[in-house]
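Engineer: let me see the structure of the following:
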Amino acid sequence: MKVKITVLMSVYNGERYLSEAIDSILGQTLKNFEFLIINDGSADRTSEILQRYVDPRIVVIDNKVNIGLTKALNKGLQIAQGEYIARQDADDISLPRRLEIQAEFLDKNPDCALVGCAYYQINENGELGSIIKVLSKDSDIREGLKKQNWFGHGCISMRRDAVQAVGGYDEKYKFSQDYDLWLRMAEVYKVANIEEPLYCWRSTPSGISKDKEAEQKYYANLAVSEATKRADQRMLKKNNESTVMVSVILPTYNRPDMLIHALKSILNQSYHDFEIIVVNDAGIDVVRNVKLLNKNYNIKYLIHSENKGLAASRNTGIKAARGKYIAYLDDDDIFYPDHLETLVNFLENNEYKAAYTDAYRVVQEKQNSNYVVKKKDILFSFDFDYDRILVENFVPILCLMHEKSCLEKIGLFDEKLTVFEDWDFMIRISRKFEIAHLKNVTSEYSLRTDGTNMISSRSLDFGRTFKIIYEKHRAYAQDKPTLLLSQINMIASFIDTLERKIREKEQQIESIYSSRTWKVGKIITASWRALKKFFYLNFFLKGML
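Structural biologist: I've put the predicted structure just below:
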């Protein structure tokens, strides 16, 4: 007779509760199962306990050394014969009708690949505690899995062919290997939970959930992060059937007049096969401005319900993009008429997937109600330096164009970064692709002395984010002492700049208030500034030396 269910258990030094767990399976109302137990190198009385059982449905696999839960479960999946796989932990208890109810559910719902259940929490003495309730509908679970695991690992049953199709457990996960698996299965199949409690999960002071909480949290966050990346990649692939050559991503926030100039600079391009995706990051309504310019119906207007920042805004635009290539423009910058044509012609006729041009930096000062250009220069103009990018960013994001397919390998902008998200993006793209430099000035970006442009409006976050970027990409620089020294010097330079700005503000105040009290205050302030700079350096350089 064909085996209906394989009950899969891995045990490591589980002598205390093992018999209770085994007996709970042998006492099931559904009798057609095999019970596959992986003894994962136990050094206690686990082997002795297992040898007492003579039930022919029990198959014991002895590992000479401990290989860990994830690998042990994959070993069991390779051996399993059942149509369904039911998990069972070695310190928990399955209620008598668990297998029967879950198998019947899967039989009646052939489009469902995974089913769990509500469960009781019990203590080390087996005393019942609270009921752990679960989401039951597929749509609710899919949404809920983005934030937390809605399945108890030991109380699920799943289709063997489905779990094999998604690759089984990912062996890089020491913990939360189940969470990662459920997320991957939910991307392909329907999932469900039975609201009736069918299982008893034991919570003990020495249990895994108590003992390794920090590691569990790390791996759980990793599972969610990787699921998010896969969702982004699916969205990108879905949009890969392009009807335009270039998608220009244009975030905007509370600058309607500047937005018009930015949009006009794109619409005036000599190259015409493009779309513009405007992402309003919860700023004032600019739909009228967009509609007035959307005469060729090539502008798509998206709105965030709350302010999410530049990285999220660009990601929103990318996910909606249909172009083969992606270009970027902020609402206070402009393209010159040949910008798109220059980059598209190069990329279409060369093997590069990413390229950048040069841009003018336009320093503007506010006089009365208008901004006046005080300086116009090219800050950077050299071929891509794969080491220097680990120290500082020298490619303004509006200069860059890349194939949309690049994002399938490097991911989207890091939404955890409040500044330097473009620099982090350039580092990541440079680790996977060669980047070409075209010595053509095809755009300009603004730097306003009052700090109202996108580049400078978050300047207080710069120092903190320097350290985040350096630590995030430390692996690329750790064997290069010169690079590490350059990073330290960059942070020190930033602190000096910050100190200079503070002194300038103090001088402005001093010119207004000239008194003996102020002079005494200056002495105190100077001492405090020196002490503060020492602590700044300690904070920023901690872990880098």
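
Engineer: pull out the buried residues from stretch 190-203.
Structural biologist: Buried positions in stretch 190-203, judged by neighbour count with 16 or more other Cβ atoms under 10 Å: 190-194, 197-202. Using the backbone N, CA and C atoms, a C-beta is placed for each residue, glycine as well.

Engineer: format these as CSV; extra columns: secondary structure, pLDDT and distance to Asn66.
Structural biologist: Output for these, formatted as CSV (DSSP: H, G, I helix; E, B strand; the rest coil; pLDDT from 0 to 100; distance: Cβ to Cβ, whole Å):
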residue, secondary structure, pLDDT, distance to Asn66
Lys190, strand, 95, 35
Val191, strand, 96, 31
Ala192, strand, 97, 34
Asn193, strand, 97, 32
Ile194, strand, 97, 33
Pro197, strand, 96, 32
Leu198, strand, 97, 30
Tyr199, strand, 97, 25
Cys200, strand, 96, 26
Trp201, strand, 95, 23
Arg202, strand, 93, 21
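
Engineer: out of those residues, which comes closest to Trp423?
Structural biologist: Among those, Val191 lies closest to Trp423 (Cβ to Cβ), at 39.2 Å.

Engineer: ok, the closest one to Gly82 distance?
Structural biologist: Distance of Val191 to Gly82, computed by Cβ to Cβ, to the nearest Å: 19 Å.

Engineer: Ile326: neighbour count?
Structural biologist: Residues contacting Ile326 under the criterion other Cβ atoms under 10 Å number 23.

Engineer: hang on, it is in a helix, isn't it?
Structural biologist: No - read with DSSP: H, G, I helix; E, B strand; the rest coil, Ile326 is strand and lies in no helix.

Engineer: my guess is Ile132 contacts Ile122, does it?
Structural biologist: No - assessed by Cβ atoms under 8 Å, Ile132 is found out of contact with Ile122, at 10.9 Å.

Engineer: what do these two both touch?
Structural biologist: With contacts taken as Cβ atoms under 8 Å, 6 or more residues apart in numbering, the residues that reach both Ile132 and Ile122 are Trp201.

Engineer: pLDDT at the nearest residue to Ser305 once chain neighbours are set aside, what is it?
Structural biologist: Leaving aside its chain neighbours, Ser305 sits nearest to Ala282 (6.4 Å; criterion: Cβ to Cβ, 6 or more residues apart in numbering). Confidence at Ala282, expressed as pLDDT, is 94.

Engineer: what number of residues lie near Ala282?
Structural biologist: 13.

Engineer: what's the distance between it and Asn254?
Structural biologist: Taking Cβ to Cβ as the measure, Ala282 falls 9 Å from Asn254.

Engineer: same question, Trp423
Structural biologist: To Asn254, Trp423 is 24 Å away according to Cβ to Cβ.

Engineer: ok so, going back, what sits against the residue nearest to Ser305?
Structural biologist: Contacts of Ala282 (Cβ under 8 Å, 6+ apart): 253, 303-308.

Engineer: shaky segments in the stretch 101-250 of the chain?
Structural biologist: Counting by pLDDT under 70, the stretch 101-250 of the chain contains low-confidence residues at 205-211, 236-242.

Engineer: what pLDDT, on average, does stretch 353-365 get?
Structural biologist: Stretch 353-365 shows a mean pLDDT of 94.

Engineer: any buried residues in it, and which?
Structural biologist: By neighbour count with 16+ other Cβ under 10 Å, stretch 353-365 contains the buried residues 353-362, 364.

Engineer: dump those to TSV, plus distance to Ile266.
Structural biologist: Listed next are these as TSV, based on distance: Cβ to Cβ, whole Å:
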residue	distance to Ile266
Lys353	22
Ala354	20
Ala355	18
Tyr356	17
Thr357	15
Asp358	18
Ala359	15
Tyr360	17
Arg361	20
Val362	18
Gln364	21
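
Engineer: and which of those is nearest Gly27?
Structural biologist: Of all the buried residues of stretch 353-365, Gly27 sits closest to Lys353, with 60.5 Å by Cβ to Cβ.

Engineer: now do stretch 59-67: everything it contacts.
Structural biologist: Applying Cβ under 8 Å, 6+ apart, the external contacts of stretch 59-67 come out as 12, 34-42, 47, 50, 72, 75-76, 79.

Engineer: swap in stretch 94-103?
Structural biologist: Residues outside stretch 94-103 that contact it (Cβ under 8 Å, 6+ apart) are 4-5, 7, 21, 24-25, 27-30, 33, 84, 86, 88, 115, 117, 155, 157, 194, 196-200.

Engineer: mind doing that once more with 6 Å?
Structural biologist: Residues outside stretch 94-103 that contact it (Cβ atoms under 6 Å, 6 or more residues apart in numbering): 5, 24-25, 27-30, 86, 115, 157, 198-199.
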